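Asker: Just the structure for this:
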Amino acid sequence: GRARGRALRRGAELRAGMCLLLGASGVGKTLLVKRLENILPSPDGTGDLGEPPPTRPTVGTNLTDIMAQRKITIRELGGCMGPIWSSYYGNCHSLLFMMDASNPTQLSVSCVQLLGLLSAEQLAEASVLILFNKTDLPCYMTMEEIKSLIRLPDIVACAKQNIAMAEISAWKGTGLAGVLRWLQDTHRTSS
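Answerer: Numbering: from 1, shown residues only. From the prediction side, this is the model:
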């Protein structure tokens, strides 16, 4: 009895601090995690992030702990792992889903991935933040253009999850303080 109770509590704690980071290959997931780690030392989250660190395509999964009032574990899954993403939904409290705002040809793939995530029963209670990355590139599409193109308001209206959206540049660091605030707020209310 007691051991089972401890195991259930440990499972709830694990879920409370777990954030999945998903998106197609090359959208900037690894750079986002590295930037979020570096933004933390400055109390206001606006520290100079300096030059972007080098990244390589993620093969498999990366786990990164971020201390943001409480420990939040970000599990980044490589875009090429899309077919088995669902294996990782079980312990997820929040979900960061990244799209490349500078790559219109990839948007349909991202839209299909997003629809799959939002319809997954295991993610029904997860909070979702959709990130439109690479807004530092001159050819990027605005959030409004993307919302219109993939009919995002309709998708959000049919979803069970709480969904927020943000334009960011992981390269320059633009919008990352807001991502960190969203993570803190989302994981503060978890038990």
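Asker: Tell me which residues touch Cys158, please.
Answerer: Leu118 (CB atoms under 8 Å, 6 or more residues apart in numbering). For the C-beta atoms, the positions are set from N, CA and C on the backbone; glycine is no exception.
Asker: backbone phi and psi for it, please?
Answerer: Cys158 has phi and psi values of phi -90, psi -10 when expressed as degrees, to the nearest 10.
Asker: Go ahead and flag the most central residue of the chain.
Answerer: Leu96 (1.5 Å; CA atoms, centre = their mean).
Asker: State the distance from the closest residue to it other than its chain neighbours to Ala157.
Answerer: Distance criterion CB to CB, 6 or more residues apart in numbering; nearest residue to Leu96, sequence neighbours excluded, is Leu21 at 4.6 Å. Noted for Leu21: a distance of 24 Å to Ala157, by CB to CB, to the nearest Å.
Asker: Of these two, which one has the most company?
Answerer: Under the neighbour definition other CB atoms under 10 Å, Leu21 and Ala157 were set side by side, and Leu21 has more, 24 against 9.
Asker: Helix or strand for the more buried one, just tell me which one.
Answerer: strand 18-23 (DSSP states H and E).
Asker: Tell me what angle the helix or strand following that strand forms with strand 18-23.
Answerer: The helix or strand immediately downstream of strand 18-23 is helix 29-39, counting by DSSP H and E. Put simply, helix 29-39 runs at 130 degrees to strand 18-23, going by axes from the mean of the first three to the mean of the last three CA atoms, to 10 degrees.
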